[in-house]
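Student: Take a look and give me a structure for this.
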Amino acid sequence: MPLPFIPLIVAGAAAASAAVAGKKGYDSYQNMKETKELAESLESKYKRAYRNFETKRDETNTTFEEYGRLKLEILDGAMKDFVDHFKQIKHVNFNGEAVTDKFVANSEIEKFILNVEKQVVKAGQVMTAGIASLAGGGLAAMGAVGATTTFAAASTGTLITTLSGIAAQNATLAFLGGGSLAAGGLGVAGGTLVLGGIALAPALAIGSLIFASSTEKKLQEMYAKKAEVNTEVQKLKSAAEVMAQITATTKSMQELAQSTQKLLIANVNKMADIINLKGIDFRNYNTEEQIIIHINYKLAVIIRDILNTTILDEKGKLLPNLQSVITAEKQKISSIKEA
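Tutor: Numbers count the residues shown, from 1 in each chain. I've put the predicted structure just below:
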């Protein structure tokens with residue numbers, strides 16, 4: 001009789017069904033495990049790149065602030081002393097071959113002193129108010145943008161307000177002082193930071209892709225996400241390199257400004273001694289003394305040019321050929337030292 005075989009068939013079907021269910025359960029577990037491991041690996045990789053990027057960003061911001069502070073200190077210190085002493089001297093004439101090999105018109109000297117004096121006054125106002133008054137990225141803007149640009153823009157208002165405005169309008173400066181990508185601190189850049197032509201999206205929420213019940217489809221989605229994460233990691237690395245380049249260039253400018261400042265201070269002291277000994281009539285100075293006055297003028301021009309050099313353009317990009325500017329100014333300083 002066939003009836004006794006029915007329970008065996010049912011039992012076999014049940015066993016097969018259980019085996020299939022077990023296989024699906026195992027596959028689901030494996031998919032979930034692989035999805036989780038992949039997500040954690042990608043998140044770790046992204047966070048490392050992101051932390052490095054933020055470190056470079058903080059270094060860049062700090063360097064800009066230090067250079068901005070130095071600019072103000074030079075203008076309110078060495079350049080102010082230069083202007084105060086140089087303005088006392090009457091009948092200045094740098095046309096003699098013994099003094100200079102380049103003709104310098106008196107009108108050019110007067111214009112230079114007038115422009116520098118305006119910058120000195122503006123810088124003095126900030127120093128009087130205190131460096132802390134340059135909130136909102138203003139100090140970093142002073143370091144990143146040439147003094148001519150900042151002081152010209154401040155002609156109808158205070159320098160503090162002008163610098164804060166520059167910091168808010170420049171994409172890179174806005175980001176440097178505006179918080180993290182994760183917090184949406186991109187200033188005028190909105191949802192994306194464009195740094196050196198590199199578009200960085202807000203921080204990736206990779207962890208959100210780990211679901212309680214991961215399926216094969218979710219695992220495939222995670223592998224698709226891997227390519228996106230790798231792309232963003234490479235962008236962060238490239239952006240960090242841009243930041244490092246900006247920082248290195250700014251430090252080179254800062255070092256150049258510091259060394260020239262020391263040289264100017266030493267020569268202003270010599271100029272002060274000449275004034276005390278010989279009075280304020282340039283015609284009464286001997287050739288060596290006239291050369292010292294001319295060296296003071298040349299050093300002040302060099303510092304003016306250094307402080308007026310812009311590092312970031314309006315779009316926040318590092319200006320090209322800055323290294324050639326640094327080299328040219330160093331050559332000028334070397335020629336003065338040799339003289």
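Student: Which phi and psi values does T310 adopt?
Tutor: phi -90, psi 140 (degrees, to the nearest 10).
Student: Revised request: answer the last question for K90.
Tutor: With angles defined as degrees, to the nearest 10, K90 sits at phi -100, psi 160.
Student: what's the host helix or strand of A328 packed up against?
Tutor: Using DSSP states H and E, A328 sits within helix 322-338. Here helix 322-338 touches helix 216-278, helix 287-307, going by 3 or more C-beta pairs under 8 Å, 6 or more residues apart in numbering; DSSP states H and E. For glycine as for every other residue, the C-beta is placed from the backbone atoms N, C-alpha and C.
Student: shaky segments in the stretch 51-200 of the chain?
Tutor: Along the stretch 51-200 of the chain, the parts satisfying pLDDT under 70 run over 96-104, 135-136, 151-160, 162, 168, 177-200.
Student: what helix or strand does the residue most central in space within the chain sit in?
Tutor: Geometric centre of the chain, nearest residue: T60, 4.4 Å, by C-alpha atoms, centre = their mean. Using DSSP H and E, T60 sits within helix 5-76.
Student: rewinding a little: look up how far Y67 lies from the residue nearest to the centre of the chain.
Tutor: Counting by C-beta to C-beta, to the nearest Å, the gap between T60 and Y67 amounts to 11 Å.
Student: Overlap in contacts, those two.
Tutor: Jointly contacting T60 and Y67 under the rule C-beta atoms under 8 Å, 6 or more residues apart in numbering are T250.
Student: what's the neighbour count on V242?
Tutor: As a burial measure, V242 scores 20 neighbours (other C-beta atoms under 10 Å).
Student: I'd assumed T249 was in contact with it.
Tutor: No. Using C-beta atoms under 8 Å, V242 is not in contact with T249, being 10.8 Å away.
Student: anything in contact with each of those two?
Tutor: The contact lists of V242 and T249 share L318, where a contact means C-beta under 8 Å, 6+ apart.
Student: F112: which of the helices and strands packed on helix 322-338 is closest?
Tutor: F112 lies closest, by C-beta to C-beta, to one member of the helices and strands packed on helix 322-338: helix 287-307, at 6.8 Å.
Student: So which of the helices and strands packed on helix 322-338 is nearest N93?
Tutor: Each of the helices and strands packed on helix 322-338 has some distance to N93 by C-beta to C-beta; the shortest is helix 287-307, at 8.3 Å.
Student: Quick check: buried residues in the closest one?
Tutor: The neighbour-count check on helix 287-307 (16 or more other C-beta atoms under 10 Å) flags 289-307 as buried.
Student: Could you do stretch 56-66 as well?
Tutor: Within stretch 56-66, the residues scored as buried using 16+ other C-beta under 10 Å are K56, R57, E59, T60, N61, T63, F64, E65, E66.
Student: closest to S238 among those residues?
Tutor: For these, the nearest to S238 is K56 (11.1 Å; C-beta to C-beta).
Student: All the helices of the stretch 51-200 of the chain, in order from the start?
Tutor: Shown for the stretch 51-200 of the chain, the helices assigned by DSSP state H, counting those that start in this stretch span residues 78-86, 106-129, 138-144, 147-153, 159-169, 171-176.
Student: Dump those helices to TSV, plus mean neighbour count and distance to E338.
Tutor: TSV is the format used below for these (neighbours: other C-beta atoms under 10 Å; distance: least, C-beta to C-beta, whole Å):
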stretch	mean neighbour count	distance to E338
helix 78-86	20	21
helix 106-129	16	23
helix 138-144	28	31
helix 147-153	19	28
helix 159-169	21	37
helix 171-176	26	39
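Student: Next, the contact list for the residue lying closest to V233 once chain neighbours are set aside, please.
Tutor: Nearest residue to V233, sequence neighbours excluded (C-beta to C-beta, 6 or more residues apart in numbering): A49, at 4.4 Å. Taking C-beta under 8 Å, 6+ apart as the criterion, A49 is in contact with E232, V233, L236, K237, A240.
Student: In a markdown table, list the residues you listed along with pLDDT and distance to A123.
Tutor: A markdown table is the format used below for those (pLDDT from 0 to 100; distance: C-beta to C-beta, whole Å):
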| residue | pLDDT | distance to A123 |
| --- | --- | --- |
| E232 | 88 | 42 |
| V233 | 90 | 42 |
| L236 | 89 | 37 |
| K237 | 91 | 38 |
| A240 | 91 | 33 |
